[in-house]
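>>> Got a predicted structure plus its sequence, pasted below:
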Amino acid sequence: MALISPEVMAWLGIAGVATLHVLGLVHVIHAVMHVRTSQGTIAWVISLLTFPYVAIPLYWLLGRTRFEGYVRARRNDDSRMSRLAASIYDKLAIREVEIPRDDAFARTARYLGGLPFTRGNSLKLLIDGEETFEAIFSAIRAAERYVCVNFYIVKSDRIGIKFQQLLIEKARQGVDVWFLFDEIGSSKLPRRYLRELKEAGVHCESFGTNRMWYSRLQLNFRNHRKIVVIDGELGFIGGINVGDEYLGRAQKFGKWRDTHLMMRGPTVEALQLVFLQDWHWATDHFLDLTWEKEVEDDDQIAAIIPTGPADELDSWQLMVAEAANSSRERLWIASPYFVPDEGVMTALQAAAIRGVDVRIMIPKRADHLLVWLSAFTYYEQSIPFGVKIFRYQTGFLHQKVMLIDERLAAVGSANLDNRSFRLNFEIMAFSSDKKFIREVTEMLEQDFRNCAEETVEDFTRRPFHFRVGARLAKLLAPVQ
């Protein structure tokens with residue numbers, strides 16, 4: 001067998017390196033054309049030109065901010081899914097509320113979310129895990145026709161097993177059960193857990209990126225939504241996943257502070273549409289779960305606002321920025337993470353400078369070290385300009401809640417970080433109902449009593465290695 005000469009090996013090596021750099025240049029062109037932020041574009045261009053053998057695979061994993069497969073599926077106007085969506089839009093339009101011309105934020109939310117503000121809704125805050133799971137499990141037990149469930153994280157622990165057995169029980173009773181989970185968020189879910197569900201007749205699917213060969217590498221996208229719909233009548237969204245820590249059973253976190261929302265009325269049909277679209281993407285299977293049944297509701301005005309990487313724009317980022325720009329008296333945001341981009345940071349600064357009471361509530365404890373560290377680096381950009389930062393002291397804060405003046409309150413799944421701005425499929429419920437706004441205000445006021453207000457010195461007086469680590473963590477904000 002002839003051996004390849006050293007000269008040939010050298011030429012092959014040179015050719016391989018040259019090929020990688022050419023491929024790097026091709027990817028640079030793609031990054032320049034498609035990466036949404038200038039900072040991200042510059043970072044990828046430098047990396048792809050300098051270290052293409054490392055940067056190219058990372059770019060396939062992390063570099064894209066649009067979930068292209070979902071975009072194409074949603075644009076298929078000839079599909080039954082599109083026709084169903086159109087029929088639901090028509091039904092929601094009957095109860096649509098006209099947005100005042102001077103309400104810039106509501107008009108922005110309506111445009112970006114694509115679903116209207118409607119009257120005839122009933123909204124109930126569910127505070128913390130025990131109240132939330134009691135309400136969700138009670139609703140599932142009462143289901144007569146179908147149950148739709150979508151969670152980012154599902155665990156096979158005490159509450160996870162209880163959740164599993166309840167779904168199995170309903171499926172055996174003849175109720176259709178549709179269970180969707182994120183393949184990354186629930187990556188530790190045992191196969192046995194899913195097998196037992198399927199054997200009982202539960203329709204189980206993961207929301208992943210594997211519809212096309214090239215989309216298998218789009219691992220940076222997540223379906224972070226938490227959705228439960230019962231018989232098209234009762235719906236739930238919020239911050240709580242299925243795991244024991246959400247009931248305060250994890251020693252690391254202690255008491256878990258979170259918020260969920262239960263709703264009836266037209267918002268449930270809008271919520272169900274979002275689930276059906278996600279299910280259609282994950283399975284290529286069309287579900288027509290409309291059920292005409294009158295329900296008695298309050299007359300609360302609300303809208304379901306879904307956002308995600310299939311949107312034409314960075315919808316949630318724009319909505320947070322517009323919330324700051326349009327606020328006049330108060331902007332309170334509770335989120336486990338505070339890693340704003342430049343646009344959101346500028347809007348928060350401007351709001352505080354003009355006298356708006358801007359408060360950001362984040363946890364004292366960390367669940368993800370990098371995003372926890374990154375938040376400290378924004379103290380110097382926030383606090384001197386009047387943006388108040390509060391650290392929740394009693395356990396771990398995980399709720400995602402927003403309060404804009406006396407005009408709007410929101411509960412849902414979206415955080416104040418780049419992942420929610422650009423990479424996660426999220427969902428929020430907004431309401432202009434005075435009673436609901438008052439309830440959210442009272443809830444947050446109680447939470448602030450369990451917080452300590454931060455100062456710039458809470459970062460600058462930290463040890464040097466901590467400050468260096470925080471700034472290094474901030475550099476990874478686009479992929480945290």
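Yep, that arrived.
>>> what are the ranges of the strands in the stretch 251-400 of the chain?
Taking DSSP state E, counting those that start in this stretch, the strands of the stretch 251-400 of the chain run over residues 256-257, 259-264, 300-307, 330-334, 357-363, 388-392, 396-397.
>>> Of these, which is nearest residue 184?
strand 300-307 (18.4 Å; C-beta to C-beta). In this view, the C-beta of every residue, glycine as well, is placed from N, C-alpha and C.
>>> among the strands of the stretch 251-400 of the chain, which is nearest residue 436?
In terms of C-beta to C-beta, the element of these nearest to residue 436 is strand 300-307, at 6.0 Å.
>>> tell me which strands and helices the closest one is in contact with?
Judged by 3 or more C-beta pairs under 8 Å, 6 or more residues apart in numbering; DSSP states H and E, the packing partners of strand 300-307 are helix 104-113, strand 118-127, helix 266-283, helix 315-326, strand 424-431, helix 434-448.
>>> Tell me what angle the first one forms with helix 266-283.
For helix 104-113 against helix 266-283, the angle between stretch directions is 30 degrees (axes from the mean of the first three to the mean of the last three C-alpha atoms, to 10 degrees).
>>> what's next to helix 104-113, contact-wise?
Helix 104-113 has contacts (C-beta atoms under 8 Å, 6 or more residues apart in numbering) with 99-101, 116-117, 303-307, 311, 313, 315, 318-319, 322-323, 325-326, 404, 407-408, 430, 432.
>>> Buried ones in it, by neighbour count?
Neighbour counts over helix 104-113 (16 or more other C-beta atoms under 10 Å) mark 105, 106, 107, 108, 109, 110, 112, 113 as buried.
>>> Give me the sheet partners of whichever strand or helix holds residue 452 and which way each runs.
Element membership for residue 452, per DSSP states H and E: strand 451-453. If you go by DSSP bridges, strand 451-453 pairs up with strand 388-392 (antiparallel).
>>> And for the partner strand, what's in contact with it?
The contact list for strand 388-392 (C-beta under 8 Å, 6+ apart) reads 257, 338, 357-364, 378-379, 382-383, 447-448, 450-454.
>>> For it, output the C-alpha coordinates as CSV.
Extracted C-alpha coordinates of strand 388-392, given in CSV (Å, rounded to 0.1, in the frame of the first residue of the first chain):
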residue,chain,number,x,y,z
LYS,A,388,-34.3,51.1,40.4
ILE,A,389,-33.1,47.5,40.7
PHE,A,390,-34.5,45.3,43.5
ARG,A,391,-33.2,41.9,44.5
TYR,A,392,-35.9,39.5,45.9
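>>> and that strand, average pLDDT?
Mean per-residue pLDDT for strand 388-392: 98.
>>> One more: stretch 20-29?
73.
>>> now the strands of the stretch 251-400 of the chain in CSV, with mean neighbour count?
Output for the strands of the stretch 251-400 of the chain, formatted as CSV (neighbours: other C-beta atoms under 10 Å):
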stretch, mean neighbour count
strand 256-257, 23
strand 259-264, 24
strand 300-307, 27
strand 330-334, 24
strand 357-363, 22
strand 388-392, 20
strand 396-397, 25
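>>> buried ones in the strand holding residue 452?
Those would be residue 451, for strand 451-453 by 16+ other C-beta under 10 Å.
>>> Follow the chain on from that strand and name the next helix or strand.
helix 457-460.
>>> And that following helix, what does it pack against?
For helix 457-460, the packing partners by 3+ C-beta pairs under 8 Å, 6+ apart are helix 379-382, helix 464-475.
>>> buried residues in the last one?
Read it as helix 464-475. 467, 469, 470, 473, 474.
>>> Kindly report the same for the first one.
For helix 379-382, a neighbour-count test (16+ other C-beta under 10 Å) marks 379, 381, 382 as buried.
>>> residues in contact with the first one?
Okay, so that is residue 379. 389, 454, 455, 456, 458, 459, 460.
>>> Contacts only, for the third one.
Think residue 455. 379, 383.
>>> Out of the strands of the stretch 251-400 of the chain, which is closest to residue 137?
Using C-beta to C-beta, the strands of the stretch 251-400 of the chain put strand 259-264 closest to residue 137, at 12.2 Å.
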